[in-house]
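S.K.: Next come a sequence and a model predicted from it.
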2 protein chains.
Amino acid sequence: MQSFDLFVLGTGPAGQRAAVQAAKLGRKVGICEKREVVGGVCINTGTIPSKTFREAVLYLSGFAQRGMYGTSYSVKENITAQDLLFRCQSVIKREIDVIRAQMKRNGVTLLGGVAKFTGPHALSVTGLTGATDVEAEKIVIATGTRPATPPGIAVDEETILDSDGILSLKTLPRTMIVVGGGVIGVEYASMFAALGVAVTLIDKRPRLLEFVDGEISEALSYAMRNMNCTLRLGEDVADVRLEGPRRAVALLKSGKKITADLLLYSIGRVGATADLDLPAAGLEADGRGRMKVNKNYQTAQEHIYAVGDVIGFPALASTSMEQGRLASCHAFGVACTSMPHLYPIGIYSVPELSMVGRTEEELTKEGVPYEVGVAHYREIARGAILGDDTGILKLIVHRGSRKLLGVHILGTAATELVHIGQAFLTFGGTLDALVETVFNYPTFAECYKVAALDAYNKLRADGD
Amino acid sequence: MQSFDLFVLGTGPAGQRAAVQAAKLGRKVGICEKREVVGGVCINTGTIPSKTFREAVLYLSGFAQRGMYGTSYSVKENITAQDLLFRCQSVIKREIDVIRAQMKRNGVTLLGGVAKFTGPHALSVTGLTGATDVEAEKIVIATGTRPATPPGIAVDEETILDSDGILSLKTLPRTMIVVGGGVIGVEYASMFAALGVAVTLIDKRPRLLEFVDGEISEALSYAMRNMNCTLRLGEDVADVRLEGPRRAVALLKSGKKITADLLLYSIGRVGATADLDLPAAGLEADGRGRMKVNKNYQTAQEHIYAVGDVIGFPALASTSMEQGRLASCHAFGVACTSMPHLYPIGIYSVPELSMVGRTEEELTKEGVPYEVGVAHYREIARGAILGDDTGILKLIVHRGSRKLLGVHILGTAATELVHIGQAFLTFGGTLDALVETVFNYPTFAECYKVAALDAYNKLRADGD
């Protein structure tokens, strides 16, 4: 029997951060992992490999430089799956080392194996060498998710893949179907489209990424169509099946039949809670395996917390880490400030998308008067130099206080640039402060000034 | 005779902004340009072409991806000068169009020709079709600079170039000498080194870029030496001469003789004031052709302002634009806030360098107690993905108030990222606010959090 102040289930970003935070507070901390390596989906099949894949796509396809060298320009004439994936393993290995070192430095005990509740404060962790009994005052569930494939869909990891399977890709397809227009579906669909693959994206919702500001979502749709990506939105998939080797078929309820060399099934993921024996702790998951939590990330048992992808939206590594930190602070009675309304959203599509703060749709619904300022990358010198013709940065400001309310960016470096706006939001900065800021020239950051001037001139024209 | 409320000499960034600002205040504005095109050195031979050249270097040499694909990786085996320069003309043309459209939209009268004072409020502008007499209530001198080549140095625009001549480069050298370790010298020396050219940089000062934080300047020296760049600092050039075709020689006072295929002479630039007949307006320039101004950018004649490179340091497009704006606001009695202590410095070397706020050297001199937090790009996921092993972000915070005092970055996207720190400086943000910020993952912006945690832990260890 091993006893801990805190025991964490899962070593992804949420679990890591919860464990390290509690250790820094002087607590005795254990963490368990059912895979043979630490890091969770983030490091091993999700965030890190997909972002490494993406950098390879952008470089080898010459995508970022098409504005400079023309649309037919690419580094490699015949890009192979191997070209795109060979770097992933070394990045993964490096990140795993970083996490292991961090756990060790902070004195966190790492147990390998599958955890199962045996009581509200008791767990059994079954690994290669047998089972270990664990008891803990506080517990954090950070087990993440696994792909949700409905019965009848034959994921063969060759022609029909789920979102964890892209690393096993052997050859690049010429045509591809992506079922699901959420974050994962959009990221992969746009990356393959940038490679020149003819992609068809199917989603039953009427537009991509419903939580994103409408204008930006539409700009992304436009950019993806420009890369020869067909968007079948508002369409339901009736069946997915193999028709011979390397021939995947999607049948839609509307009667359409779509065939391609490769099909990526990325409709949602379910919480990885099935093995936990939640009832033994007096808990239950919802129909999608997810845990329900209050604002302190406590489950129905107040000493058991759940954080990260297992609690659902937004299921991003950045927010999951923060949830882990907050749960541990709350568990041990440490006051901890956080600004959930300022958590950024970063989507590594091609082009990249990022936002922080409010959307036009939310503000309209709440009756908050606002004005919008827009800057196009093509209008500024850096955009002209790189030939980025699709980039757009949009600011939303309050008509009365002139304070910044939201920032929405689609284009090169969006996930980095959004943090300039986030800082303004943190301190209640106004439009006027942005107009008065001196930006390096030439940078994409100048878009903030151009967009602020746009809003400024609109407000002046209205006599505000 | 044409009469204006404001007349501006020069259409570079400083002049443009002065003209547009006055026009927006409802004034009648004229501007003159002695070149056949608008935009000044910035658009035509300086900032824009050098940054366009730089993007081509980074891409074609595979520099940014060396960490991903190994040091021998490059897009083109044999990069030619034409490969690097062909895009410049189209970017220049585009930027010229933008400026022309902006002048027209704001009703600014554009006169082509060389301006000369004929009295404190009077000028004569001599162009192709003859001379135009101009009178103006207020005048802004924004004539910029030209390369300063001492007598005896035979710039032949083929083997010995000055900083305006790089666009005329016909073939890429295998070896190169850069005389002058200021901004222009460092930018070109590092770009050519990234291309694989064996570069020798000579400067009489003991280190590169003296106004930059010492640790960052040394990191840049280290990075440049790693690209096979030889730095001859603390060395004076005695003579520069041609020895046969494509053979330039620099003789140093220490007795060293250095030969190379190409020599770039980039020691300083002088104010372009020689043609202005300043005495006719009761003015004079200093020995380097520069205008002296007070904090409102007024010359000895209070109705005549001078802005941009013609007044000297920092001679960056970004600050020049701001100076133009401030001069026009002051000229017409419009209150205008600005934060000169928060003007960023952006240097487009390879790697890129940017800073805002205070340096360690300044704070030490003033006896301000501070702590430093450092993040290396290689420690964060995005750095691992791109293989950027040299990047560094350094924060300086006040030990007492914990407020951010300065940000210093060397590495990919430095000129963009510095604006996150600039926003914190604008609002007096603290270390703690940075620690609590949620950053997109994976981004370089995360370096702010890592560096802030580094400083946080140091302060805690000291009991602060």
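M.R.: Yes, it's here.
S.K.: so A:Ser328 is in which element?
M.R.: helix A:317-331 (DSSP states H and E).
S.K.: any idea of the mean pLDDT in that helix?
M.R.: For helix A:317-331, the mean pLDDT works out to 96.
S.K.: who touches it?
M.R.: For helix A:317-331, contacts defined as CB atoms under 8 Å, 6 or more residues apart in numbering or on different chains pick out A:6, A:12-19, A:21-22, A:25, A:42, A:47, A:138, A:140, A:142, A:296-298, A:303, A:305, A:307-309, A:311, A:335-336, A:338, A:343-344, A:346, B:438-442. No exception for glycine: its C-beta is placed from N, CA and C like everyone else's.
S.K.: again with stretch A:113-124
M.R.: Under the criterion CB under 8 Å, 6+ apart, residues A:7, A:9, A:32-34, A:125-128, A:131-137, A:139, A:275-278, A:280-283, A:301, A:303-304 lie in contact with stretch A:113-124.
S.K.: okay, how far is it across it, tip to tip?
M.R.: Start-to-end span of stretch A:113-124 (CA to CA, to the nearest Å) is 9 Å.
S.K.: for it, which positions count as buried?
M.R.: By neighbour count with 16 or more other CB atoms under 10 Å in any protein chain shown, stretch A:113-124 contains the buried residues A:113-118, A:121-124.
S.K.: swap in stretch A:227-238?
M.R.: Buried residues in stretch A:227-238 (16+ other CB under 10 Å): A:227, A:229, A:231-232, A:235, A:237.
S.K.: Okay, and which of those map to strands?
M.R.: Using DSSP state E, the members of these that fall in strands are A:229, A:231-232, A:237.
S.K.: just curious, which of the residues you listed is nearest to A:Ala250?
M.R.: A:Val237 (5.6 Å; CB to CB).
S.K.: Pull the number of nearby residues for the closest residue to chain B within the stretch 151-300 of chain A.
M.R.: Residue nearest to chain B within the stretch 151-300 of chain A (CB to the nearest CB): A:Val183, separated by 12.6 Å. Using other CB atoms under 10 Å in any protein chain shown, A:Val183 is surrounded by 24 other residues.
S.K.: Let me know the pLDDT of it.
M.R.: 94.
S.K.: ok, now the one 5 residues further on?
M.R.: pLDDT recorded at A:Tyr188 is 96.
S.K.: Following the lowest-mean-pLDDT helix or strand in chain A in sequence, what is the next regular element?
M.R.: Least confident helix or strand, chain A: helix A:66-69 with a mean of 63, by mean pLDDT, DSSP states H and E. Per DSSP H and E, the first helix or strand lying C-terminal to helix A:66-69 is helix A:81-105.
S.K.: can you list the weak-confidence ranges in chain A?
M.R.: A:64-77, A:464 (pLDDT under 70).
S.K.: which residues does the residue sitting nearest the centre point of it contact?
M.R.: Centroid-nearest residue in chain A: A:Leu316, 4.1 Å away (criterion: CA atoms, centre = their mean). Applying CB under 8 Å, 6+ apart to A:Leu316 gives the contacts A:183, A:345-346, B:440-441.
S.K.: what does A:Ala445 give?
M.R.: Applying CB under 8 Å, 6+ apart to A:Ala445 gives the contacts A:417, A:420, A:439, B:415-416, B:419.
S.K.: CSV please, covering these and showing neighbour count, secondary structure and distance to A:Gly271.
M.R.: Converted to CSV, these look like this (neighbours: other CB atoms under 10 Å in any protein chain shown; DSSP: H, G, I helix; E, B strand; the rest coil; distance: CB to CB, whole Å):
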residue, neighbour count, secondary structure, distance to A:Gly271
A:Leu417, 29, helix, 33
A:Ile420, 28, helix, 35
A:Phe439, 27, coil, 43
B:Thr415, 26, helix, 42
B:Glu416, 27, helix, 37
B:His419, 30, helix, 38
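S.K.: can you redo those as a markdown table with distance to B:Phe211?
M.R.: Shown next, in a markdown table, are those (distance: CB to CB, whole Å):
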| residue | distance to B:Phe211 |
| --- | --- |
| A:Leu417 | 26 |
| A:Ile420 | 24 |
| A:Phe439 | 19 |
| B:Thr415 | 16 |
| B:Glu416 | 21 |
| B:His419 | 19 |
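S.K.: what angle do the longest strand that chain A contains and helix A:317-331 make?
M.R.: For chain A, the longest strand by residue count, based on DSSP E, is strand A:130-141. Strand A:130-141 runs at 90 degrees relative to helix A:317-331, counting by axes from the mean of the first three to the mean of the last three CA atoms, to 10 degrees.
S.K.: Please identify the buried residues of strand A:130-141?
M.R.: Under the neighbour-count criterion of 16+ other CB under 10 Å, strand A:130-141 has A:132, A:134, A:136, A:138-141 buried.
S.K.: still on that earlier bit, inside strands: which ones of the contacts of A:Leu316?
M.R.: For the contacts of A:Leu316, the ones inside strands are A:345-346, with DSSP E as the criterion.
S.K.: For A:Leu404, see how far away A:Leu425 is.
M.R.: Using CB to CB, to the nearest Å, A:Leu425 is found at 6 Å from A:Leu404.
S.K.: Between those two, which has more neighbouring residues?
M.R.: Each of A:Leu425 and A:Leu404 has its neighbours counted (other CB under 10 Å); A:Leu404 has more, 30 against 22.
S.K.: In contact with A:Phe211, which residues?
M.R.: So A:Phe211 contacts A:313-314, A:345, A:359 (CB under 8 Å, 6+ apart).
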